[in-house]
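K.L.:
fold the following for me, if possible:
(2 chains)
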2 protein chains.
Amino acid sequence: MAAELTAHQLIAKHRSTLDQALETISTRAYWSPHPEHPKAYGEDGSLSLPEGKAAFDALQGARFDLDQPGTDDWVGGEVSPYGPELGITYPHPDIDTLLPAMRAGMRAWREAGAETRAMVSLEILARISARTHEMAHAVMHTSGQAFMMAFQAGGPHAQDRGLEAIAYAYAEQTRTPGTAEWHKPQGKRDPLALSKRFTPVPRGISLLIGCNTFPTWNGYPGLFASLATGNPVLVKPHPRAVLPLALTVRIAREVLAEAGFDPNLVCLAAERPGEGIAKTLAVRPEIKIIDYTGSTSFGDWLEANARQAQVYTEKAGVNTVVVDSTDNYKGMLANLAFSLSLYSGQMCTTPQNLLIPRDGIETDAGAKSYDDVVADLAASVSGLLGDDARANGILGALVNPDVKTRLEAAAGLGEVALPSRTITNPDFPDAVVRTPVIVKLDGAKPDAESAYLSECFGPVSFAVAVDSAADAVELLRRTVRDKGAMTVGAYTTSEEVSTAIEETCLEECAQLSLNLTGGVYVNQTAAFSDFHGSGGNPAANAALCDGAFVANRFRVVEVRKDA
Amino acid sequence: MAAELTAHQLIAKHRSTLDQALETISTRAYWSPHPEHPKAYGEDGSLSLPEGKAAFDALQGARFDLDQPGTDDWVGGEVSPYGPELGITYPHPDIDTLLPAMRAGMRAWREAGAETRAMVSLEILARISARTHEMAHAVMHTSGQAFMMAFQAGGPHAQDRGLEAIAYAYAEQTRTPGTAEWHKPQGKRDPLALSKRFTPVPRGISLLIGCNTFPTWNGYPGLFASLATGNPVLVKPHPRAVLPLALTVRIAREVLAEAGFDPNLVCLAAERPGEGIAKTLAVRPEIKIIDYTGSTSFGDWLEANARQAQVYTEKAGVNTVVVDSTDNYKGMLANLAFSLSLYSGQMCTTPQNLLIPRDGIETDAGAKSYDDVVADLAASVSGLLGDDARANGILGALVNPDVKTRLEAAAGLGEVALPSRTITNPDFPDAVVRTPVIVKLDGAKPDAESAYLSECFGPVSFAVAVDSAADAVELLRRTVRDKGAMTVGAYTTSEEVSTAIEETCLEECAQLSLNLTGGVYVNQTAAFSDFHGSGGNPAANAALCDGAFVANRFRVVEVRKDA
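P.N.:
Have a look, this model is predicted:
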């Protein structure tokens, strides 16, 4: 069967995008081929807002068939954090049938070479991009993100991260040439001469273990890095966030088939309630790569037990912001208020601990006591979220009942500087919407440590009173070293404090945002420019995205002979 | 104290070498800046042959002082495989003193940046190169390699591998720019603008666990990859091969100090007899990277237990040559005979199993039966080693008594096609010199499997009778998959068999040498062009050298602020 999509067509369509991505990861300047504005979609074959909504509606209450081999059951019980049951069922795999079937297409995929694999991967991304409005609803109604965030983070930003991974994978595979002629002089004798051929070869099946909050954004880097380096990818979504990745798998399978490859190179593994299929899959000998985002406990388990695989984990951390001084007090408060509020603090990058000197700070608006800073921040959050419509648009919904439990318990950990408020979402009355709580803790009191040195995932922040900037730096160091951090923020006008914080982040390997007072927030990273995580502290063993994230997903085999 | 060696001087001296190395790893053509011929040394400050010998002699029977902190004892009991006791003692570390001292210079080394680190590393290599004649004796009298091999493999070839690692490390650290300006358009509003700084940061102390047979060749890649990426390196040599790495550490410390860095960035950890200090060091929290060459059992232990570290291992494998057919029978026999004989088969790349169809093979010299092939190979080895002087120059000495024990036991595993012969070394009468044994085994007999499916390190080869080429390919696949392989060789004139063997090597991830009949041997790889190991089968989890070997030895920390 001739492929409907030839490599030639795909190169004509996508090569320039790949080249631009390769260029951008080396300059780290701003670039994205995926529009952020919802109105940018609806032409050139992409779904408009109403078309995306209609497509999402049509998925509900039905089987999501993927025509995968070895389907032995239909499973699924997603309930939107906004209330509705999705009523979608997905194929449940007989893994003894599915895994061998996934390996069948490996040779042709390997033989296609790095460029064709990149082009096919880019076509998958392009088709995902065309369905961004549909994906936005799927992400919104599984993660609880508000629509606009689900659209952007679940759509173009996730696609950017996928493209970035494809670019790194392509660069890594092509830094060794396909062939080489080697001539070693031997004085007056003929030179020694060899002809060599170098082939990037895949490791085996790659397992993606998805998360509930950012199924596409956290999933695409590993998915595309593995696929572009020649590996089949088995996608095991979080049981509460299957749909976004099921849509992704469906599109990938369509494109693979049209390009003449085996669609089983990308498959879905949905699971029965409580089945824990990830644990079974993770130690199968066929699984050679694992990408995981989720709890520290299961991440640690994977690292310890899935010894046959390369394991890339993003786990939990405790993110800190040091508040030492500022020349833009208002900007600082506004920036922090938004960071704490966005998606109800349910980002792995949301600040948790705000370290504030108990003697107060210097600002452009005069000296502010510890209590002033905390009260002003509380007022800033209250102001930001004062309008319910705007609050709903920023907060989204709590992703699961555990977050609500933690939020409620947090109020008992210390003096509440800003109580959490319940907000009604008029469109989705069953959504659980809460504003952040800010709790005061004294860093000098040992009994407060168990609170601020544990990750409290959700809209909970601790205003930790510290003795001094030096004390803050020391606590920052201890927090990153012992608990890990996806992000660190700091506000200071002091060269000395700034240097101490930077040095701490360099030594403890944490990504630092300094004095952000505008429209960029500590919890946001941009593909092609910012690294997400460092891979060098306990929060994650890999960064998105760098050479190390792709280099060990394939190996190079050399065949040499006398020339 | 001002540095005696400035970055400017080092760049003037070494930058062009780095650039040529970077160019060559992307073309994989032949290149080396390190002369292979002993006569090339003796000018421009390098030691001549007699000067090298005199320097080596002066080291014996003395303390090898390195002026390291935390030295609590002097240890060492090296005995040359050629007979003489070296009588050298080395500093034994109090690791609670040494490890903190090694960390003290990390910040300055990190702040020096990737280029200066590369230049200092290149200066270390240049000084090692100047002492190649001294190193040759050190390698010869610890590994048992014959002088010429010790000179080349322990000198220029090892230095090439070190330089290759420095080049990869530099390329990897500089693919992200030092700074970036990021401007994201916001329609009619001002763009979002950030200034970003990216810094490669080290992981921590890197531990090199050296081996007995190739202390420098197998040690330099990890040592220089870690040092060039900013990590201090603690060198734990094999107790029988301390001197080559002690010389290396001494030179590294001198250069570091002259360039204004802390010499304790490179230290030696010699051990007491039976101390097993590697096991203690490997799980210390300060140790973040481990490079290891040695037995599978300790390599597996490191991978399982040194969880706080990135662990790079080269362990044991079973190397296979498939003998299917040839159009150069004489060339094949000569090539194989040399491969089996070089350094008494004590290379991790030496072929062990020769798979030969029991019904014989087609050759340019007519059909040859299985017995013909084995007898002709035996005759070829005997011819190669018939002259004792030449035999001594090829074989070197057995590195330790275990090899001799295995060699003697091998004769009992099957019919001996070529018995091992004792050779006297007139210069070193105590050297244990033996020619290789070739033992016939029947691949169809299950009881033979335990012999040919175990690594039998040393001058032992098995001529395994197989049913057919297809049978050979299947056994090759099983051997690589279950036991690992550093090398695979094959001789065939059949397109079909060649394709099957190549496909097997691509699928099982093994490096293949096809139809070598000239002056290149399956056991030899050249830096900048050939990969040593694949990192994708059980023999080794890394290849020398590629992006994956360096990319995770450092992390990139980003500091961003509003522009």
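K.L.:
buried stuff in the lowest-mean-pLDDT helix or strand in chain A?
P.N.:
Lowest on mean pLDDT, DSSP states H and E among the helices and strands of chain A sits helix A:446-452, with a mean of 93. Within helix A:446-452, the residues that qualify as buried are A:448, A:451-452, counting by 16 or more other C-beta atoms under 10 Å in any protein chain shown. C-beta here means a position set from N, CA and C on the backbone, and glycine is covered the same way.
K.L.:
now do stretch A:44-54
P.N.:
Quick answer for stretch A:44-54 (16+ other C-beta under 10 Å): A:46-47, A:49, A:52.
K.L.:
which residues does A:Leu47 contact?
P.N.:
With contact taken as C-beta atoms under 8 Å, 6 or more residues apart in numbering or on different chains, A:Leu47 is in contact with A:41, A:55, A:130-134.
K.L.:
how about these, which pair is most distant?
P.N.:
Within those, two members stand farthest from each other by C-beta to C-beta: A:Tyr41 and A:Ala55, at 12.1 Å.
K.L.:
the two: which is more packed in?
P.N.:
A:Tyr41 (24 against 17; other C-beta atoms under 10 Å in any protein chain shown).
K.L.:
show me the contacts for that one.
P.N.:
Neighbours of A:Tyr41 in contact, by C-beta under 8 Å, 6+ apart: A:35, A:47-49, A:52, A:130, A:132-133.
K.L.:
any idea which element A:Arg555 lies in?
P.N.:
Assigned by DSSP states H and E, A:Arg555 belongs to strand A:554-562.
K.L.:
need the residues that contact that strand.
P.N.:
A:172-173, A:176, A:182, A:193-203, A:229-231, B:502, B:505-506, B:509-518, B:520, B:530-531, B:534-536, B:543, B:546.
K.L.:
same check, this time on stretch A:470-478
P.N.:
Contacts for stretch A:470-478 (C-beta under 8 Å, 6+ apart): A:320, A:322, A:324, A:355, A:357, A:443, A:453, A:464, A:466, A:488, A:497, A:500-501, A:504, A:507-508.
K.L.:
of these, which belong to helices?
P.N.:
A:497, A:500-501, A:504, A:507-508 (DSSP state H).
K.L.:
quick one: which of these is nearest A:Val75?
P.N.:
A:Glu508 (42.3 Å).
K.L.:
before we move on, the earlier item: buried ones from the contacts of A:Leu47, can you make that a ChimeraX selection?
P.N.:
Buried residues within the contacts of A:Leu47, by 16+ other C-beta under 10 Å, are selected in ChimeraX with:
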select /A:41,55,130,131,132,133,134
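K.L.:
between the contacts of A:Leu47, which sits nearest chain B?
P.N.:
A:Tyr41 (16.5 Å; C-beta to the nearest C-beta).
K.L.:
how close does the closest one sit to A:Arg272?
P.N.:
36 Å (C-beta to C-beta, to the nearest Å).
K.L.:
which residues of the stretch 201-350 of chain A lie near chain B?
P.N.:
A:201, A:203, A:303-304, A:307 (C-beta under 8 Å from any C-beta of the partner chain).
K.L.:
make it 10 Å
P.N.:
Proximity of the stretch 201-350 of chain A to chain B (C-beta under 10 Å from any C-beta of the partner chain) is limited to residues A:201-204, A:288, A:300, A:303-304, A:307, A:310, A:328, A:331, A:335.
K.L.:
in strands, which of those residues fall?
P.N.:
Counting by DSSP state E, the part of these found in strands is A:201-202, A:288, A:310.
K.L.:
show me which of the ones in helices among the contacts of stretch A:470-478 is closest to chain B.
P.N.:
Checking the ones in helices among the contacts of stretch A:470-478 one by one against chain B (C-beta to the nearest C-beta), the nearest turns out to be A:Glu507, at 7.5 Å.
K.L.:
so the closest one is in contact with B:Glu111, correct?
P.N.:
No: if you go by C-beta atoms under 10 Å, A:Glu507 and B:Glu111 don't touch, sitting 11.6 Å apart.
K.L.:
who has more neighbours, those two?
P.N.:
A:Glu507 (20 against 12).
K.L.:
mind putting the ones in strands among the residues of the stretch 201-350 of chain A next to chain B in a markdown table, pLDDT included?
P.N.:
Output for those, formatted as a markdown table (pLDDT from 0 to 100):
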| residue | pLDDT |
| --- | --- |
| A:Val201 | 98 |
| A:Pro202 | 98 |
| A:Lys288 | 98 |
| A:Gln310 | 97 |
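K.L.:
which one (most neighbours) among these?
P.N.:
Busiest of those [other C-beta under 10 Å] is A:Pro202, holding 27 neighbours.
K.L.:
backbone phi and psi for A:Leu512, please?
P.N.:
phi -120, psi 130 (degrees, to the nearest 10).
K.L.:
same thing with the one 5 residues further on?
P.N.:
As for A:Thr517, its main-chain torsions (degrees, to the nearest 10) stand at phi -130, psi 0.
K.L.:
again, but for A:Pro239
P.N.:
phi -60, psi -20.
K.L.:
what about A:Ala375, which helix or strand?
P.N.:
helix A:370-384.
K.L.:
that helix: which residues count as buried?
P.N.:
So for helix A:370-384, counting by 16+ other C-beta under 10 Å, buried means A:370, A:372-378, A:380-382, A:384.
K.L.:
try stretch A:188-206
P.N.:
A:192-194, A:196-206.
K.L.:
again with stretch A:350-364
P.N.:
So stretch A:350-364, judged by 16+ other C-beta under 10 Å, has buried residues A:350-358, A:361-363.
K.L.:
now stretch A:297-304
P.N.:
Those would be A:298-299, A:301-303, for stretch A:297-304 by 16+ other C-beta under 10 Å.
K.L.:
in helices, which of those fall?
P.N.:
Filtering the buried residues of stretch A:297-304 for helices - DSSP H - leaves A:298-299, A:301-303.
K.L.:
A:Arg284: which of these is nearest?
P.N.:
For those, the nearest to A:Arg284 is A:Leu302 (12.8 Å; C-beta to C-beta).
K.L.:
distance of the closest one relative to A:Asn537?
P.N.:
Note on A:Leu302: its distance to A:Asn537, by C-beta to C-beta, is 18 Å.
K.L.:
same check on A:Val473?
P.N.:
Taking C-beta to C-beta, one finds A:Val473 at 16 Å from A:Asn537.
K.L.:
give me the neighbour count for A:Gly276.
P.N.:
11.
K.L.:
residue contacts, it?
P.N.:
A:239, A:298 (C-beta atoms under 10 Å, 6 or more residues apart in numbering or on different chains).
K.L.:
what are the phi and psi values for it?
P.N.:
Main-chain dihedrals, A:Gly276, degrees, to the nearest 10: phi 60, psi 40.
K.L.:
per-residue pLDDT, the residue positioned nearest the centre of chain A?
P.N.:
Among the residues of chain A, the one closest to the centroid is A:Asn218, at 2.5 Å (C-alpha atoms, centre = their mean). Looking at A:Asn218, its pLDDT reads 98.
K.L.:
thanks again, I'm all set now.
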